[in-house]
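>>> Need the 3D shape of this:
(one chain, ligands or ions: 1)
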Amino acid sequence: MKGLTNPRYEQFINEQVDELKKSGFLSQIRVLEGPNSAVSVVDGKKVLNLCSNNYLGLANHPELVQAAKEASERYGAGIAVGRGVMTMSIILELERRLAEFKGAEAALTYPTGYVANMGGIWPLMTEKDTILSDELNHASIIDGCRLARETDRIVYRHNDMSDLEKKLKQSVEARAKGKTMIITDAVFSMDGDICKLPEMVELAERYDAFIFLDEAHASGVLGKTGRGTLEHFNAYGRVEVQMGTLSKAIGTVGGYIAGSEGLCYYLHRRSRPFYFSTGFPHPAVCGATLKALEIIKKEPERVQRLWDNTRYFKRELESLGFNTGISQTPITPIIVGEPERAQQLSRLLYEEEGIFVQAFSYPVVPKGTDRIRTIVNGHHSREQLDHTLAALERIGKCLHIL
Ligand SMILES: Cc1ncc(COP(=O)(O)O)c(C=O)c1O
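Numbering: from 1, shown residues only. Take a look at the predicted model:
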């Protein structure tokens, strides 16, 4: 339906669309036609799915589906009231379980991880304070920090603890009496490397700073039982704020912030996306998420399988000669350095081998580091991984990547 619209507005939209089409950015958005599992139907074709955050195979777990149905039957389809007025007991139960999972006193849920960063960072900061942020932090951290408009924001070189120390010293000297926050992804979403938390907590303690840790790709993945970075490095009690998402390893959707009782009491009343929004989306999501946390606790072998697959796939990719960058986790990029090559590699894997892996280029990753990003999940079979490795070797040679 075409109506009359403001010509300046229309010109702006048309220019933006033309530019995006020319750049090729997200030119093809594929459609998943069914559940997210190891083998999924994408654009009508059955493919091996190697770019999903469904690390533990929970997104399509029948017990989660059943728990979602039961929660809907008991609590209804929606909440229809904001957290400033009332909440639902199943949400409080979920927040208690999330706090327990993250080894924290309390937790608050948000509609997504992105919103948790938009709502959870700026209330902690004032005009006297300083934020030190890793240069490769996720967009939601960057945007969340931007909302702390009166706070000094300083970027340190990626995972470079000597640069962080230098900037911490400068910020301590420059500030009169404000606080300093160090904020970082726990696992970096494009490179798959892990933040250097042990050194970071030492620096934070030495320079009187506190840490805000984004556990999006760490919860359910790092640590023997999947509780995340604090379990992995045995750093319980040394990180003030843990933020996370439910939409990756946990298999559902939503975000959360975990920390002290005081932190959650304060954010409940001061975090605008929490207070002024109806908030956490659906009782069904709460039911499914509670079930996911129960399964992760009961079946630590899921985390073990994820890591067995990760180590195998990474070792084989490296022995074939692919550049996997600095990855230490299931997120394993294959860096090819040019946008067309990354696109071609992704396209040929899909068209000729029935394997779906997404390509990424600037502005999502720095120029010259164009890549496909593979993510192995615990439920991929060895045969599926071997099939992928053989396909990558063949196409890699054709495209002169190997
Ligand atoms: C490091 C990081 N933080 C936050 C988010 C946002 O989480 P959500 O998808 O729940 O909004 C993501 C998701 O892509 C992420 O990778």
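>>> Outline the domain layout of the chain.
Using automatic domain parsing, the domain ranges for the chain come out as 26-55+300-398, 62-298.
>>> Would you mind checking the average pLDDT for the first one?
Read that as domain 26-55+300-398. Mean pLDDT, computed over domain 26-55+300-398, is 94.
>>> What residue in the chain comes nearest to the ligand?
Here the chain gets closest to the ligand at one residue, Gly113, 2.5 Å apart by Cβ to the nearest ligand atom. Yep, even glycine has a C-beta here, placed from its N, CA and C like the rest.
>>> interface residues of the stretch 101-250 of the chain facing the ligand?
Residues of the stretch 101-250 of the chain lying close to the ligand by Cβ under 6 Å from any ligand atom are 112-114, 138, 140, 185, 189, 214, 216-217, 245, 247.
>>> now, which of those residues lie within helices?
Under the assignment DSSP state H, these contribute 113-114, 140 to helices.
>>> Make sure Ile250 is indeed in a strand.
No: counting by DSSP: H, G, I helix; E, B strand; the rest coil, Ile250 falls outside a strand, being coil.
>>> one step back: wait, the residue of the chain closest to the ligand sits on His217?
No: counting by Cβ atoms under 8 Å, Gly113 stays clear of His217, with 10.1 Å between them.
>>> Of these two, give the one with the bigger neighbour count.
Neighbours were tallied for Gly113 and for His217 using other Cβ atoms under 10 Å; the higher tally belongs to His217 (28 against 25).
>>> Apart from its chain neighbours, what residue comes closest to the more buried one?
Val187 (3.8 Å; Cβ to Cβ, 6 or more residues apart in numbering).
>>> so how far is Leu213 from that neighbour?
Note on Val187: its distance to Leu213, by Cβ to Cβ, to the nearest Å, is 10 Å.
>>> can you check Leu136 too?
Noted for Leu136: a distance of 15 Å to Leu213, by Cβ to Cβ.
>>> who has more neighbours, these two?
Legend: neighbour count by other Cβ under 10 Å for Leu136 and Leu213, higher for Leu213 (27 against 20).
>>> The more buried one touches Thr184, doesn't it?
Yes: look at Leu213 against Thr184 with Cβ under 8 Å: they come within range, at 6.4 Å.
>>> what residues are shared contacts of these two?
Shared contacts of Leu213 and Thr184, defined by Cβ atoms under 8 Å, 6 or more residues apart in numbering, comprise Cys195.
>>> that older thread, what residues are shared contacts of Val187 and Leu213?
With Cβ under 8 Å, 6+ apart as the test, Val187 and Leu213 both reach 195, 229.
>>> does the residue nearest to His217 have beta-bridge partners, and which?
Ile194 (DSSP bridges).
>>> From Arg315, how far off is it?
19 Å.
>>> Please say which of those two ends up with more neighbours.
Neighbours per residue (other Cβ under 10 Å) separate Val187 from Arg315, with Val187 holding more: 26 against 11.
>>> rewinding a little: in TSV: the ones in helices among the residues of the stretch 101-250 of the chain next to the ligand, plus distance to Ala204.
Formatted as TSV, these follow (distance: Cβ to Cβ, whole Å):
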residue	distance to Ala204
Gly113	23
Tyr114	25
Ser140	22
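>>> between the residues you listed, which is nearest Pro273?
For these, the residue nearest Pro273 by Cβ to Cβ is Tyr114; the value is 9.7 Å.
>>> I figured the closest one hits Ile141, correct?
No: using Cβ under 8 Å, Tyr114 is not in contact with Ile141, being 9.6 Å away.
>>> I'd like the C-alpha coordinates of stretch 339-357 written as PDB, please.
In PDB, the C-alpha atoms belonging to stretch 339-357 read as follows (Å, rounded to 0.1, in the frame of the first residue of the first chain):
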ATOM      1  CA  PRO A 339      34.500  -9.400   2.100                       C
ATOM      2  CA  GLU A 340      34.000 -11.200  -1.300                       C
ATOM      3  CA  ARG A 341      35.900 -14.300  -0.200                       C
ATOM      4  CA  ALA A 342      34.100 -14.500   3.100                       C
ATOM      5  CA  GLN A 343      30.800 -14.300   1.200                       C
ATOM      6  CA  GLN A 344      31.900 -16.800  -1.400                       C
ATOM      7  CA  LEU A 345      33.000 -19.300   1.300                       C
ATOM      8  CA  SER A 346      29.700 -19.000   3.100                       C
ATOM      9  CA  ARG A 347      27.700 -19.300  -0.100                       C
ATOM     10  CA  LEU A 348      29.600 -22.300  -1.500                       C
ATOM     11  CA  LEU A 349      29.300 -24.100   1.800                       C
ATOM     12  CA  TYR A 350      25.500 -23.600   1.800                       C
ATOM     13  CA  GLU A 351      24.900 -24.300  -1.900                       C
ATOM     14  CA  GLU A 352      27.300 -27.100  -2.600                       C
ATOM     15  CA  GLU A 353      27.700 -28.800   0.800                       C
ATOM     16  CA  GLY A 354      24.500 -28.000   2.700                       C
ATOM     17  CA  ILE A 355      26.300 -26.300   5.500                       C
ATOM     18  CA  PHE A 356      25.200 -23.000   6.900                       C
ATOM     19  CA  VAL A 357      27.900 -20.600   8.300                       C
END
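>>> quick one: contacts of that stretch?
Outside of stretch 339-357, the residues within contact range by Cβ under 8 Å, 6+ apart are 24, 30, 40, 42, 45-51, 334, 336, 358-362, 370-374, 387-388, 391-392, 395-396, 398-399, 401.
>>> For the stretch 251-400 of the chain, which residues are neighbours of the ligand?
Near the ligand, when you scan the stretch 251-400 of the chain using Cβ under 6 Å from any ligand atom, you find Gly255.
>>> ranges for the helices of the stretch 251-400 of the chain?
Ranges of helices in the stretch 251-400 of the chain, per DSSP state H, counting those that start in this stretch, are 261-270, 272-275, 283-298, 301-320, 339-353, 382-398.
>>> Just name the most buried of these.
Highest mean neighbour count among those (mean count of other Cβ atoms under 10 Å): helix 283-298, with a mean of 22.
>>> Off-centre distance for that helix?
Offset of helix 283-298 from its chain centre (Cα atoms, centre = their mean, to the nearest Å): 19 Å.
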